[in-house]
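[1] Fold the following for me, if possible:
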Amino acid sequence: MIGVSDSAAAEVPEPVSGNARRRGKVTGSPTAEWSFPADPGAVRTARTVVRRVLDDWGLNGAADMAVLLVSELVTNSLRHASGPIGVRMVLLTTGGLLVEVSDPLPDPPRERDAAPDDEGGRGLQLVACSSRRWGTRRGKSGKTVWFELSVAG
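    The predicted model follows:
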């Protein structure tokens, strides 16, 4: 399922895919995936590995938005689920980047209207407004929230 274990104290994990670390020309559909413990350090580590892989794929223009949205979704997983959090990225042949965040909680996330003074509750709105498509799906043990960004020039 998700390929690499990580802990906040461990070194930043390498992606599972053999072709994810190639620089420049991308062949096929590169994929990178990780698994993080339900630990507050997972958010920082997820941001780091996502940025590193997008840099290696030559997609620096998509990095800031992808990192922001991954950060929001991993934070949501930490707040509402226990157990491992999976992050997977796939470079699509359609000029898109698919990013998935999975956790063991089967309940789909709920969008809510945050009051102006609320400190939270805007993450899914941010995903919806910033991505070209997004959604959720149930898995055998939990759910996946995914989004797609445009990366074509």
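[2] Residues in contact with the lowest-mean-pLDDT helix or strand in the chain: which ones?
    Least confident element among the helices and strands of the chain, by mean pLDDT, DSSP states H and E: helix 123-130 (a mean of 88). Contact with helix 123-130 is made by 65, 68-69, 72-73, 75-76, 109-112, 114, 134, 145, 147, 149, as judged by Cβ atoms under 8 Å, 6 or more residues apart in numbering. In this view, the C-beta of every residue, glycine as well, is placed from N, C-alpha and C.
[3] do that again at 6 Å, thanks
    65, 69, 72, 76, 109, 111, 134, 147 (Cβ atoms under 6 Å, 6 or more residues apart in numbering).
[4] what's the spacing between the fourth one and residue 43?
    As for residue 76, its distance to residue 43 is 10 Å (criterion: Cβ to Cβ, to the nearest Å).
[5] Pull out the buried positions in the least confident helix or strand of the chain.
    123, 124, 126, 127 (16 or more other Cβ atoms under 10 Å).
[6] Give me the distance between the last one and residue 48.
    Taking Cβ to Cβ as the criterion, residue 127 is separated from residue 48 by 20 Å.
[7] re earlier: moving C-terminal from the least confident helix or strand of the chain, which element do we reach first?
    strand 133-139 (DSSP states H and E).
[8] name the helices or strands packed onto that next one?
    Contacts defined by 3 or more Cβ pairs under 6 Å, 6 or more residues apart in numbering; DSSP states H and E place strand 133-139 against strand 142-150.
[9] Tabulate the CA atom coordinates of the strand it packs on in CSV.
    This file holds the C-alpha atoms of strand 142-150, laid out as CSV (Å, rounded to 0.1, in the frame of the first residue of the first chain):
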residue,chain,number,x,y,z
GLY,A,142,-9.8,4.1,5.7
LYS,A,143,-10.1,6.9,3.1
THR,A,144,-8.1,8.9,0.7
VAL,A,145,-8.5,12.6,0.0
TRP,A,146,-7.0,13.5,-3.4
PHE,A,147,-6.4,16.6,-5.5
GLU,A,148,-5.1,17.3,-8.9
LEU,A,149,-3.0,20.3,-9.9
SER,A,150,-2.2,21.5,-13.3
